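J.: A predicted structure for the sequence below; I have some questions about it.
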Amino acid sequence: MNDDRNLPLPDLDAVAAIARQAAALVMEVYALDFAVQAKADASPVTEADERAEALIVPALRRLAPGVPVVAEEMVARGEAEAIGARFWLVDPLDGTREFVSRNGEFTVNIALVEDGEPVLGVVAAPALGRLYAGARGQGAWVEDDAGRRPIAVQAVPPEGLRVVASRSHGDPAALDRFLAGRRVAQRIDIGSSLKLCLLAAGQADLYPRLGRTMEWDIAAGHAVLAAAGGRVSRLDGQPLRYGKPGFENPHFVAQGGGA
């Protein structure tokens, strides 16, 4: 595999365009009476996951020839590519449970990882009409009905932390223990990688994840958050890295400005 660490980043708008196309496919399925199947790990998968991934993977290969692509459903089928210093991480439908329950809190996630760090990310939330994007050295932005505007993390409000937690995979008792002694003004339950995007947009301050996640679940949101001035760390304070064996994450904490 070629070492392309010194190459410029792919065009962020081009990656966003791929995410929009995949999001449109997801919404086509969302409008139907779709079937839900269970994968080997008992997690749900739908036609939307598969159709979106079938669009994204070849599109990324055309955009950045030679850069490996690791996508959730490919891995589930045992088709994961060998990775190098630079590789793509794709979750074609993050928040499948939110998709199935039709609450709109699902996303299409595309991230580029370099030397273990997510350096470019796009998170499309098609049911909400929103797309977040960010890249190293380029800042972060959100696009919605009001157009495109830059986003950045914000200082913690005087009244206390705004904490986000998983709607479908939360552990309230573990979260209470983690937050003990902190001044908390608000707790927000929301699905998918939208939690990281709320931090990036300055609408939340802290996201402790005290449960299982996979790298493709959070890499795109992590890249957006990092581009907006935030960070994601393991519980021991070390940066969360990508390209781990099995692509499984330890528990982590995502933070905005000064959380």
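T.: Cool, got the structure.

J.: where does the stretch 51-200 of the chain have low pLDDT?
T.: 168-170 (pLDDT under 70).

J.: show me where it has its helices.
T.: 72-76, 96-101, 172-179, 194-200 (DSSP state H, counting those that start in this stretch).

J.: the first one packs against which elements?
T.: I take that to be helix 72-76. helix 47-63, strand 86-94 (3 or more Cβ pairs under 8 Å, 6 or more residues apart in numbering; DSSP states H and E). From N, CA and C alone the C-beta is placed, and that goes for glycine too.

J.: hang on, isn't Lys196 packed against Ala226?
T.: Actually, residue 196 is Leu. It isn't Lys. No - using Cβ atoms under 8 Å, Leu196 makes no contact with Ala226, being 9.6 Å away.

J.: in this protein, where's the longest helix?
T.: Counting residues, the longest helix in the chain under DSSP state H turns out to be helix 12-30.

J.: got the angle for that one vs helix 47-63?
T.: Angle of helix 12-30 versus helix 47-63, following axes from the mean of the first three to the mean of the last three Cα atoms, to 10 degrees, is 160 degrees.

J.: kindly reformat the helices of the stretch 51-200 of the chain as CSV containing mean neighbour count and distance to Gln238.
T.: Formatted as CSV, the helices of the stretch 51-200 of the chain follow (neighbours: other Cβ atoms under 10 Å; distance: least, Cβ to Cβ, whole Å):
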stretch, mean neighbour count, distance to Gln238
helix 72-76, 19, 25
helix 96-101, 20, 30
helix 172-179, 13, 17
helix 194-200, 28, 18
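
J.: mind putting those helices in TSV, distance to Asp49 included?
T.: Converted to TSV, these look like this (distance: least, Cβ to Cβ, whole Å):
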stretch	distance to Asp49
helix 72-76	6
helix 96-101	6
helix 172-179	28
helix 194-200	17
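
J.: so which of these gets nearest Tyr132?
T.: Proximity of the helices of the stretch 51-200 of the chain to Tyr132 was assessed by Cβ to Cβ; the nearest stretch is helix 194-200, lying at 4.5 Å.

J.: for that closest one, packing partners?
T.: Partner elements for helix 194-200 (3+ Cβ pairs under 8 Å, 6+ apart): strand 117-125, strand 130-135, strand 161-166, strand 206-209, helix 215-227, strand 252-255.

J.: got a pLDDT number for the residue nearest to Pro126 when sequence neighbours are not counted?
T.: Closest residue in space to Pro126, ignoring its immediate chain neighbours: Ala23 at 3.7 Å, by Cβ to Cβ, 6 or more residues apart in numbering. On the pLDDT scale, Ala23 is placed at 96.

J.: how about the contacts made by Ala23?
T.: Remark: with contacts taken as Cβ atoms under 8 Å, 6 or more residues apart in numbering, Ala23 is in contact with 52, 108, 124, 126, 131.

J.: and Tyr132, how many neighbours does it have?
T.: Per other Cβ atoms under 10 Å, the neighbour tally for Tyr132 reads 33.

J.: okay then, goodbye and thanks.
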